[in-house]
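*Asks:* Need a 3D model of the following:
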Amino acid sequence: MQNYVITLGLLVALCSSASSQVKPWLPWFGSDSCENGVCSSIFPTFNEEDDSLTFHNCEEDDEDGTCLGPVTATPPADDSRNEEEAVSKIKDFEKEAVEKAVGVLKALGFNPDEEYNPGQQRGGRLFAGGMLMQAAIDKALAVLRLFGYTGAQINTIAQPEPAVFQVQQSALLVNTQPAVIVSPIEAKGTNLPNYEPCRGGEGLCTSAQECKNIGGVAGKSIGKCGNCVGCSVCCQFVTGCQGITDKMITHFQSPGYPRTDRSNEACSLTLNVRDEVCQVRLDFIDFEMAAPQAGSCSGVDNFEIINTAQPGGVFGPGQSKLCGLNKGQHVYMPVKPGNILIMRATTSGVRNIPLARLDGTNRGLSGDTAFRWNARVTQIPCEAPGARGGRSGADGKAARRIPSHYRKLLAPDGCRQYFQESRGRLQSYNFDGKSEVLLNQNYAICVKRPARSCGMTLKALGFSLPAASVGCLLGNVATDDDCALCCTSTAEDGPGVNYLGVVGYSDGASGRTPIGQAYFANQDRYFFCGAKLGATNLIVTRTKGPLLLRVRTAGKYWEQGSCPDGGCLGFLMNYDVDTGTC
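*Replies:* Down below sits the predicted model:
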């Protein structure tokens with residue numbers, strides 16, 4: 001009820017304010033005349049041919065809504081005001097008054113197509129206010145009759161877009177700087193199309209038109225999204241061979257994906273790094289290629305990453321290639337603005353895929369030489385878009401921000417892999433239980449350290465790295481009987497430096513320091529190699545610092561006898577971050 005009273009008051013105020021705008025030229029404009037207790041409204045119209053005004057005297061109480069005799073007047077000859085300006089004000093007044101009147105009728109549920117009898121109350125929810133609502137309808141209809149609108153003509157009147165009101169700063173405030181008012185439309189405009197992630201980072205929020213094939217990058221709608229200007233769909237941008245993109249999230253897929261392929265070709269994706277981006281994350285949703293030979297992917301089908309910010313190699317010295325099975329793996333790479341990142345797959349279709357059988361029934365793989373990949377490439381910004389000399393809020397407009405999805409993905413510096421869950425699984429690249437670990441690896445695996453944590457527990461499900469001597473192959477010692485280092489030997493006839501580095505107790509129990517004993521069974525250890533992760537394949541770390549593991553393999557292929565039975569296969573382990581008081 002209160003809303004209708006306010007609406008009626010606004011309509012009356014509108015007539016008064018609009019009338020005051022033209023009174024300097026026409027003192028009698030928009031006035032009411034009353035005689036013998038009967039009031040009527042005077043409404044002027046302008047005749048452009050003879051520059052005269054005609055005033056129609058319309059009785060509000062007339063049942064037919066007709067106007068009485070018109071009176072013609074000519075504006076004063078000595079008036080120096082611009083007549084065109086006066087006419088414009090009159091037309092503006094008509095437009096505003098009609099729109100307000102129609103707004104009142106629509107708010108009260110009035111249907112111009114139905115017969116309306118003044119003086120008769122209507123039932124129902126909308127007319128529960130009785131006389132007050134009926135009076136508002138009568139007044140609104142009277143205004144429309146003044147301007148010649150009756151019946152179904154009301155439906156033809158266009159309604160304006162809702163206005164965005166800006167609050168003026170009070171003069172009483174001590175701060176003399178103007179207040180910054182951001183409309184909802186402008187706030188929405190700070191979210192850029194093709195920038196906001198959607199569906200958990202599977203796509204970008206964009207328009208339906210942009211989601212089509214543009215510049216060789218095909219888009220596929222995977223849902224609805226409307227949190228940026230002009231956006232309507234969540235689009236998954238997909239590129240195939242020889243693609244070029246600067247999208248924040250792109251999927252690089254093998255020909256015919258998800259089907260496998262046996263063609264002999266070179267397929268690449270060139271990523272132009274955006275100005276605000278400092279990291280790129282590569283997620284292998286699918287990755288099935290030929291297994292490495294002698295610890296190298298160079299002689300087989302491989303997936304190479306060329307990063308201009310890492311000229312020495314992505315995974316280690318001169319090591320930037322992956323092969324074998326890497327589904328579910330990921331890799332972080334540091335980048336700089338304007339960098340170029342190239343992902344290049346070289347395939348032959350004649351090399352065997354690990355664990356695959358001819359009938360394709362083993363572990364879901366479709367054939368012994370058929371390959372496929374699907375890599376999601378995500379650019380991770382370290383600053384808001386446009387922050388470099390762009391829109392940052394200093395110009396009085398809404399500042400853009402980094403979406404939370406990108407902020408959560410950002411890894412600490414130096415981490416090639418970053419796991420944010422408190423419990424999960426770690427494994428070396430191309431680990432499948434049969435293929436050999438790659439050479440020339442030197443990278444860090446990081447685990448997010450939550451508050452109130454004191455370390456983590458690692459349980460190896462598979463562990464096999466080269467060791468320096470037969471006495472070290474069991475993996476339960478850091479040195480052999482001759483005090484030779486098991487994992488970091490640099491002897492020419494040895495396998496080189498190969499280890500998983502993490503500070504922890506090798507048998508999973510707390511350390512002991514018995515007095516008078518030079519060595520004790522469960523020393524704190526960092527380098528692990530051989531056939532086991534310590535004595536029992538279980539280690540416990542106790543640290544208040546970063547949760548970090550270092551992977552290192554030699555640059556040359558290890559000599560026979562340096563690997564445990566079954567070969568040097570890498571590692572697969574579960575991790576569990578220990579929280580609370582330790």
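
*Asks:* pLDDT below threshold where in the stretch 1-150 of the chain?
*Replies:* 1-83, 86-87, 113-130 (pLDDT under 70).

*Asks:* One more pass at 80, please.
*Replies:* Within the stretch 1-150 of the chain, the stretches with pLDDT under 80 are 1-93, 95, 106-134, 146-150.

*Asks:* Check the stretch 151-300 of the chain too.
*Replies:* 151-191, 212-218, 227, 229.

*Asks:* what are the ranges of the helices in it?
*Replies:* Along the stretch 151-300 of the chain, counting by DSSP state H, counting those that start in this stretch, helices occupy 184-189.

*Asks:* where along it do the strands fall?
*Replies:* 197-198, 203-206, 218-224, 233-239, 243-245, 249-253, 265-272, 277-288 (DSSP state E, counting those that start in this stretch).

*Asks:* Of the ones you listed, which stretch is the most buried?
*Replies:* strand 203-206 (a mean of 27; mean count of other C-beta atoms under 10 Å). All C-beta spots, glycine's among them, are computed from the backbone N, C-alpha and C.

*Asks:* what are the pairing partners of that one, and which direction each?
*Replies:* If you go by DSSP bridges, strand 203-206 pairs up with strand 197-198 (antiparallel), strand 233-239 (antiparallel).

*Asks:* okay if I get the strands of the stretch 151-300 of the chain as CSV plus distance to residue 475?
*Replies:* Below are the strands of the stretch 151-300 of the chain laid out as CSV (distance: least, C-beta to C-beta, whole Å):
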stretch, distance to residue 475
strand 197-198, 42
strand 203-206, 45
strand 218-224, 46
strand 233-239, 44
strand 243-245, 45
strand 249-253, 38
strand 265-272, 40
strand 277-288, 29
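
*Asks:* Residue 191 is nearest to which of those?
*Replies:* Between residue 191 and those, the tightest spacing by C-beta to C-beta is seen for strand 203-206, at 7.5 Å.

*Asks:* List the contacts of the closest one.
*Replies:* 191, 193-198, 219, 222-223, 225-228, 231, 233-237, 247-249 (C-beta atoms under 8 Å, 6 or more residues apart in numbering).

*Asks:* and the end-to-end length of stretch 564-573?
*Replies:* End-to-end distance of stretch 564-573 (C-alpha to C-alpha, to the nearest Å): 18 Å.

*Asks:* contact partners of that stretch?
*Replies:* Residues outside stretch 564-573 that contact it (C-beta under 8 Å, 6+ apart) are 295, 425-431, 433-437, 458-467, 473, 475, 498, 500, 530-531, 533, 558, 562.

*Asks:* Just the buried positions in that stretch, please.
*Replies:* Residues 564, 568-573 are the ones in stretch 564-573 that count as buried (16 or more other C-beta atoms under 10 Å).

*Asks:* What helices and strands are in contact with the helix or strand containing residue 93?
*Replies:* Element membership for residue 93 (DSSP states H and E) is helix 83-107. If you count contacts as 3 or more C-beta pairs under 8 Å, 6 or more residues apart in numbering; DSSP states H and E, helix 83-107 packs onto helix 2-22, strand 38-47, helix 131-146.

*Asks:* Now do it against helix 131-146: the angle between them, please.
*Replies:* Angle of helix 83-107 versus helix 131-146, following axes from the mean of the first three to the mean of the last three C-alpha atoms, to 10 degrees, is 140 degrees.

*Asks:* residues of helix 83-107 that come out buried?
*Replies:* 86-87, 89-90, 93-94, 97-98, 100-105.

*Asks:* Which of these sits closest to residue 285?
*Replies:* Set against residue 285, the nearest of the buried residues of helix 83-107 by C-beta to C-beta is residue 103 (52.9 Å).

*Asks:* So the closest one versus residue 95, what's the distance?
*Replies:* Per C-beta to C-beta, to the nearest Å, residue 103 is found 13 Å from residue 95.

*Asks:* again, but for residue 89
*Replies:* Counting by C-beta to C-beta - residue 89 and residue 95 are separated by 11 Å.

*Asks:* Skipping adjacent residues, who's closest to residue 378 in space?
*Replies:* Leaving aside its sequence neighbours, residue 378 sits nearest to residue 281 (C-beta to C-beta, 6 or more residues apart in numbering; 4.6 Å).

*Asks:* doesn't residue 371 make contact with residue 286?
*Replies:* No. Using C-beta atoms under 8 Å, residue 286 is not in contact with residue 371, being 10.0 Å away.

*Asks:* Just list the residues touching residue 250, thanks.
*Replies:* Neighbour list for residue 250: 217, 237-239, 243, 269, 271, 376-377 [criterion: C-beta under 8 Å, 6+ apart].

*Asks:* try it again with 10 Å
*Replies:* For residue 250, the contact set (C-beta atoms under 10 Å, 6 or more residues apart in numbering) comprises 204, 217, 236-239, 243, 269, 271, 343, 375-379.

*Asks:* Pick out the most distant pair among those.
*Replies:* Spatial extent of the contacts of residue 250 (C-beta to C-beta) is set by the pair 204 and 343 at 18.8 Å.

*Asks:* Tally up the residues packed near residue 334, please.
*Replies:* 17 (other C-beta atoms under 10 Å).

*Asks:* want to throw the strands paired with strand 203-206 into JSON lines with distance to residue 138?
*Replies:* Compiled in JSON lines, the strands paired with strand 203-206 are given as follows (distance: least, C-beta to C-beta, whole Å):
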{"stretch": "strand 197-198", "distance to residue 138": "51"}
{"stretch": "strand 233-239", "distance to residue 138": "48"}
